[in-house]
Structure formats: C-alpha cells, structure tokens
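Chemist: 3D model of this:
(one chain, ligands or ions: 2)
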Amino acid sequence: MSFETKIVCIGAGYVGGPTMTVIADKCPDVKVTVVDINQSRIDAWNSENLPIFEPGLDDVVKRARGRNLFFSTDIPAAIKEADIIFVSVNTPTKTFGHGAGKASDLQYWEKTARNILEIADEGKIIVEKSTLPVRTAAAMERILNSNDKGLHFEVLSNPEFLAEGTAINDLFEPDRVLIGSHQTESGLAACQKLVDVYAHWVPRDRILTTNLWSSELTKLTANAFLAQRISSINSISALCERTGADVDEVAYVMGKDRRIGSKFLKASIGFGGSCFKKDILNLVYLCGYYGLPEVAAYWESVVKINEWQTHRVVDRMLETMFNTIAGKKIAVFGFAFKANTGDTRESPANLVVRDLLAEHALPVVTDPKAIPDAKRDLKDVIEQVSFEEDPYKAAEDAHAVVVCTEWKCFAELDWKRIYSSMAKPAFVFDGRNILDADALRKIGFEVTSIGKGKAE
Ligand SMILES: NC(=O)C1=CN([C@@H]2O[C@H](COP(=O)(O)OP(=O)(O)OC[C@H]3O[C@@H](n4cnc5c(N)ncnc54)[C@H](O)[C@@H]3O)[C@@H](O)[C@H]2O)C=CC1
Ligand SMILES: O=C(O)[C@H]1O[C@H](OP(=O)(O)OP(=O)(O)OC[C@H]2O[C@@H](n3ccc(=O)[nH]c3=O)[C@H](O)[C@@H]2O)[C@H](O)[C@@H](O)[C@@H]1O
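Modeler: Ligands and ions are numbered 1, 2, ... in the order given. Next comes the predicted model:
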C-alpha cells in the first residue's frame, strides 16, 4: 500500500512508542515508523511483550502494527523516506561540564540532527517531541540548514503532555495539542501539515499553534507548574502534622475553589518520574543563563521541598519507632514512581530505600510491575536489599510497612493477615494516603500518614 504521508519517529521510548502508536491508529492513511538505536527495545516493540507497561497500549499496538505502524532499527532507510521526522530521544540532565546537574544534555538530540542531515536527500519537517530548553530549535535549524546540499529543513515544536499510566487516554483525548512554528510562510505551511495529522481525531479548537519559543517554553512551564502544586501541598502537609490539620481535608476544600482546582493537590512522599525534576532544573539553568537569579531560586525551591519531603519519611519513621530502625526489616510497598507504570526513574522510593540503608535497616521491596527496574536502580546496593513479588511475604516479620507507590492493589490487601505476620508493635507509614488509617488502627497497627497530625 502506498501512503500519502510518511512519518518517522526517532526514539522508541515512553513517549515515541505510545504517541506514534496512537497517530498510526487514528491515521490509517499515514505510514508511521518508529526507529531506535536500541535493538532489544525495537525487538520488544515487535513482540508480544512490549518494552513498557502502559494500560491499553497493547490493544492499540496490535491494531496498527504491520498495517501502518512499524518498529525498526534501520534509521537511514526510515529517514530517507520520511516527510515528517519526530525526534523523541532522551534529554537527561547534563552530568558533566558547564551546567552539570541542571542544564539539558543535548548530545542525543544533536547527534540525531546530524544523522538526519547526513542521510536526507530532500528537505523535511523536523518535529521536536522531546522536552527541550527554549530556543533549541534555533540551534537545530543552524545545524540542519548549514548543509551544502541546498536542502531546507523546517523545525516545529510539538511537546508531549501525556502522563505515564494514563498515556493512551491522554493521547486519545488530549486537553490540547501544541504546535510551535516560525511565523513565516514555510513555517506556517509545515505547521499546517502537522495540524492535519492531529486533526484526524483531535477537535480543531484543541490544536493550539504558537510561535516556536512559546511552544518550547510552555512545556517546561507546564511541568514546573504541576510540580509546584505538589511541592506546595507537601510543604503544607508538614504544617498539618504539627497543628492537627488534615492535609487531605485542606486540599479538598481548597480544590473546590474553581480558581485553584482539585487536581495535583495530593500530598505524597514527593513527586518522581523522569521529567519534573529534570525540566525544573533546566528552567532554573535557563533563568540563570538569562540573568534572572530570583526566578531561578523560586523554581529551584520546588525541587528542594520535594527532596526534603522524601527525606522526611525515614525521619518520621525514626521518630515513631523508638529512634532506631537498625537491623529491622522494613517492607517497602511500591517502587514505581507512580501507580500503573513499571517506570522507576527518579522514584522517591529509591531515596527512601537509601535512607533506610543509611540507618542500617533491612528493606524488602515489593511492587506489582517495577521489580526488574528497581533491581537495576539499586544495583550498587543490591546485596543489602531484598525483593519480593508477594506483598504478604514482604511484610512477614517486618517492623514496618512503608507505602511508596499509590498502587490500588495495596489498599485492597488483607491487612489483618499482614498484621498477624508482622513484628509488634506493627507500624504503617502511608506515604500516599491510600490506606484506611482508621480501619488499620482498629486492627492494631500504628499508622502514620502524610499531613495528618495527632494534635487535638
Ligand atoms: N516519559 C514521559 O512521560 C514524557 C517524556 N517527555 C520527554 O520526551 C523525551 C523522551 O522521553 P522518554 O520517551 O521518556 O525517554 P526514553 O529514554 O524512554 O526513550 C528515548 C529513546 O531514544 C533512543 N535514542 C537515543 N538516542 C538516539 C539516537 N541517536 N537515535 C535513535 N534513538 C535514540 C533511546 O535508545 C531510547 O529508547 C524526553 O525529552 C522527555 O523529557 C515528554 C512528555 C512525557
Ligand atoms: O513531561 C512529562 O514527562 C510528563 O510529566 C508528568 O507526567 P508523569 O511524570 O508521567 O506523571 P504525573 O501524573 O504527573 O506524576 C508525577 C509524580 O507526581 C506525583 N504526584 C502527582 C499528583 C499529585 O497530586 N501528587 C503527587 O505526588 C506522582 O505520584 C508522580 O510521582 C505530567 O503530568 C505530564 O503532563 C508530562 O507530559
């Protein structure tokens, strides 16, 4: 079958895989090829065991794969035939040199741009799907358009707003799709081509078009605002613990004010995930670079509060468990950075386990989806940590259970059974406020929740 439009996506990760799968599903007239340098990842995309766990993804992949959706490592062939190339490679925080610890490491992006330039024999539309520092498109255009083949590349920014665990729904029914372009004739024409792709299923009034820099900066800002809400409520959770206020009640009532809204006000042991911290630090770096130290400090505090909140977990454990947890088995319920994903990148559970080890406790990690990634993340301390598929076994003889991920299955466990197998007094630290604390107390547990004090 011949296709009118050919899309290629470079990078078959958490974003490239699901976004391209949905584009292929919704646009049967478009050929979509997802390429990656990682052979085993591509093999997994072509198999029954997809490389990422995302509810609903399997069915959509099965519908489109082999029809107009292809996964491949043949990057040159894919680039050659593409009209539109999405780049969705990773953009981690730089770990070396200037801006280390804050700036984005753009080496994968630049390599991709040079790769495209080397192979392409006609001009193409290049779409920034990765989250990038504002003004990256300017650098990319300079690299791409500095060719001696007389080719013109138009760079668009089309940041992704999906959240892991709800990616398929987020992609099927996005709040908005954002496309940034130059406001030139060729920029607007390229923008229209991409609008036409999304318009297959996204209502036109939800496809927002802006200039390139607004689009790049909106993505960083959206993540910073979301994370800021979590740090704000988490900072208040500490005050609730001291005063007897209940953070869930405070958040609920505040959220009823439509100007505030109810979402992203769930107090927790801190946000995780591959993006919030990285993107805020990038924003902080950019503010410093553009001579705005006050703005940089404001946003940096969001990350600082988040780390402080996670460290408070083991601090509170010590306070409650007679100032020592050395030699005590502690069951860590959940290692994924949030429920409904196997992703553990920047998971607060990682920090909790390391804090437990620093106190010479004996952590046992259980998680319905994330044990393989947990083992990878804890490789350097693997001999001091145990892993257990079965949460009941993880809790046997433990002095405490600490809930780090809001998996629904943890709330549905038989807590009487857990209580009877634990050392006494049996402590529960609910880092996600998902358990029925009163019911647990009736069983006999000593329960500590986030943002709930004892004061009357
Ligand atoms: N994970 C998420 O939920 C979201 C991530 N983003 C952004 O999307 C971008 C990608 O993130 P993820 O998909 O999570 O990363 P990921 O690490 O899961 O996937 C990136 C993929 O790119 C591949 N890659 C790297 N260099 C390559 C090259 N030169 N040629 C071909 N493939 C190459 C890697 O092998 C990897 O499979 C990041 O900028 C991230 O900030 C944006 C929205 C949501
Ligand atoms: O750029 C990205 O990578 C994505 O980052 C987040 O998505 P994600 O990190 O997948 O998941 P979220 O649902 O945002 O949760 C992030 C973290 O915050 C925590 N969280 C979330 C909400 C809340 O009220 N409280 C809270 O502690 C979660 O448990 C999790 O650890 C954004 O929600 C997406 O819009 C964005 O596209």
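Chemist: what does stretch 405-418 contact?
Modeler: Applying CB atoms under 8 Å, 6 or more residues apart in numbering, the contact partners of stretch 405-418 are 268, 333-340, 347, 349, 367-368, 370, 391-392, 395, 401, 403, 426, 432, 434-436, 439-440, 443, 445. Quick note: C-beta positions are derived from backbone N, CA and C, even for glycine.
Chemist: list the contacts of the residue of the stretch 301-450 of the chain found nearest ligand 2.
Modeler: Per CB to the nearest ligand atom, residue 338 is where the stretch 301-450 of the chain lies closest to ligand 2, at 3.7 Å. Neighbouring residues of residue 338 by CB under 8 Å, 6+ apart: 164-165, 272-273, 405-406.
Chemist: closest one of these to residue 151?
Modeler: Proximity of those to residue 151 (CB to CB) peaks at residue 164, which lies at 36.3 Å.
Chemist: pretty sure residue 445 contacts residue 429?
Modeler: No: contact criterion CB atoms under 8 Å: residue 445 and residue 429 do not qualify, at 10.3 Å.
Chemist: tell me the one of the contacts of residue 338 nearest ligand 1?
Modeler: For the contacts of residue 338, the minimum distance to ligand 1 (CB to the nearest ligand atom) is 4.7 Å, reached by residue 164.
Chemist: does the closest one sit in a helix, a strand or a coil?
Modeler: Three-state call for residue 164 (DSSP: H, G, I helix; E, B strand; the rest coil): coil.
Chemist: grab the nearest non-local neighbour of it.
Modeler: Counting by CB to CB, 6 or more residues apart in numbering, residue 341 is the residue found nearest to residue 164 once chain neighbours are left out, at 4.4 Å.
Chemist: return the backbone torsion pair for that neighbour.
Modeler: Residue 341 adopts backbone torsions of phi -150, psi 160, taken as degrees, to the nearest 10.
Chemist: after the lengthiest helix in the chain, which helix or strand is next?
Modeler: The longest helix of the chain (DSSP state H) is helix 212-243. The element immediately downstream of helix 212-243 (helix or strand, assigned by DSSP states H and E) is helix 247-255.
Chemist: could you dump that next one to PDB, C-alpha only?
Modeler: Extracted as PDB, the C-alpha positions of helix 247-255 are listed here (Å, rounded to 0.1, in the frame of the first residue of the first chain):
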ATOM      1  CA  VAL A 247      -3.900  17.800  54.500                       C
ATOM      2  CA  ASP A 248      -6.500  15.800  52.600                       C
ATOM      3  CA  GLU A 249      -9.300  18.000  54.000                       C
ATOM      4  CA  VAL A 250      -7.300  21.200  53.400                       C
ATOM      5  CA  ALA A 251      -6.600  20.100  49.700                       C
ATOM      6  CA  TYR A 252     -10.200  19.000  49.200                       C
ATOM      7  CA  VAL A 253     -11.700  22.300  50.300                       C
ATOM      8  CA  MET A 254      -9.200  24.400  48.600                       C
ATOM      9  CA  GLY A 255      -9.700  22.500  45.400                       C
END
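Chemist: what helix or strand is the residue of the stretch 351-456 of the chain found nearest ligand 1 on?
Modeler: Per CB to the nearest ligand atom, residue 373 is where the stretch 351-456 of the chain lies closest to ligand 1, at 11.6 Å. Assigned by DSSP H and E, residue 373 belongs to helix 371-377.
Chemist: which bits of the stretch 101-250 of the chain sit near ligand 1?
Modeler: Residues of the stretch 101-250 of the chain lying near ligand 1 by CB under 6 Å from any ligand atom: 108, 111-112, 130-131, 160, 162, 164.
Chemist: which one of those residues is nearest ligand 2?
Modeler: Looking across those and measuring by CB to the nearest ligand atom, the closest to ligand 2 is residue 164, at 3.6 Å.
Chemist: what about that closest one, neighbour count?
Modeler: Per other CB atoms under 10 Å, the neighbour tally for residue 164 reads 25.
Chemist: same question, residue 29
Modeler: If we define neighbours as other CB under 10 Å, then residue 29 has 10 of them.
Chemist: okay, it and ligand 2: tell me how far apart.
Modeler: 27 Å (CB to the nearest ligand atom, to the nearest Å).
Chemist: just checking, that residue touches residue 4?
Modeler: Yes: proximity of residue 29 to residue 4 meets the contact threshold set by CB under 8 Å, at 5.9 Å.
Chemist: spatially central residue for this protein, please.
Modeler: The centroid of the chain falls nearest to residue 273 when counting by CA atoms, centre = their mean (3.9 Å).
Chemist: show me the contacts for the spatially closest residue to residue 31 that is not a sequence neighbour.
Modeler: The shortest distance from residue 31 to any non-neighbouring residue, by CB to CB, 6+ apart, is to residue 3 (3.8 Å). Neighbouring residues of residue 3 by CB under 8 Å, 6+ apart: 29-31, 68.
Chemist: please apply the same query to residue 178.
Modeler: Residue 178 makes contacts with 157-159, 161, 208-210, 215, 218-219, as judged by CB under 8 Å, 6+ apart.
Chemist: which one of those has the most neighbours?
Modeler: Using other CB under 10 Å as the neighbour criterion, residue 157 leads those with 29 neighbours.
Chemist: measure stretch 173-189 end to end?
Modeler: By CA to CA, to the nearest Å, the extent of stretch 173-189 from end to end equals 25 Å.
Chemist: quick one: that stretch near ligand 2?
Modeler: No: against ligand 2, stretch 173-189 shows no contacts by CB under 6 Å from any ligand atom, the least distance being 9.1 Å.
Chemist: pLDDT on that stretch, on average?
Modeler: Stretch 173-189 carries an average pLDDT of 97.
Chemist: please identify the buried residues of that stretch?
Modeler: 174, 177-182, 187 (16 or more other CB atoms under 10 Å).
Chemist: among these, which ones are in strands?
Modeler: 177-181 (DSSP state E).
Chemist: quick one: end-to-end length of stretch 256-276, please.
Modeler: One end of stretch 256-276 to the other measures 25 Å (CA to CA).
Chemist: swap that for stretch 59-73, sorry
Modeler: Its first and final residues considered, stretch 59-73 spans 23 Å by CA to CA.
Chemist: so, in contact with ligand 1 or not, it?
Modeler: No: Stretch 59-73 lies apart from ligand 1 when judged by CB under 6 Å from any ligand atom; the minimum separation is 8.6 Å.
Chemist: could you check how far residue 303 is from residue 231?
Modeler: Separation of residue 303 from residue 231 (CB to CB, to the nearest Å): 8 Å.
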